[in-house]
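Trainee: This is a predicted model, with the sequence first.
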Amino acid sequence: MQKNVFVAFDRLGNTASSIEGTGIGLVITKELVEKMGGTIGFDSIEVKDQPSGLN
């Protein structure tokens, strides 16, 4: 799942969610940050029995 965070239109398995969105917000953010000479990323760990999604 982590490898797809910056993929356009990938809602990370939440396509049937009541939360609105197209899945391009982080893609646009990444492009803007990189055009300004910066970098963006994250570190995470998977936890069993934890609801999926970004908090």
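Mentor: Here it is on my side, so go on. Residues are numbered from 1 along each chain as shown.

Trainee: pLDDT score for G37?
Mentor: pLDDT for G37: 97.

Trainee: Now do I40 against S18, distance only.
Mentor: 27 Å (C-beta to C-beta, to the nearest Å). Yep, even glycine has a C-beta here, placed from its N, CA and C like the rest.

Trainee: which one of those two has more residues nearby?
Mentor: A side-by-side neighbour count of I40 and S18, using other C-beta atoms under 10 Å, places I40 first with 13 against 5.

Trainee: What residues does that one make contact with?
Mentor: Going by C-beta atoms under 8 Å, 6 or more residues apart in numbering, I40 touches 29-30, 33-34.

Trainee: Put the buried members of the residues you listed into a PyMOL selection.
Mentor: Applied in PyMOL, the following selects the buried portion of those according to 16 or more other C-beta atoms under 10 Å:
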select buried, resi 30
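
Trainee: The host helix or strand of K30 packs against which elements?
Mentor: Here K30 sits within helix 25-35, counting by DSSP states H and E. Helices and strands touching helix 25-35, by 3 or more C-beta pairs under 8 Å, 6 or more residues apart in numbering; DSSP states H and E: there are none.
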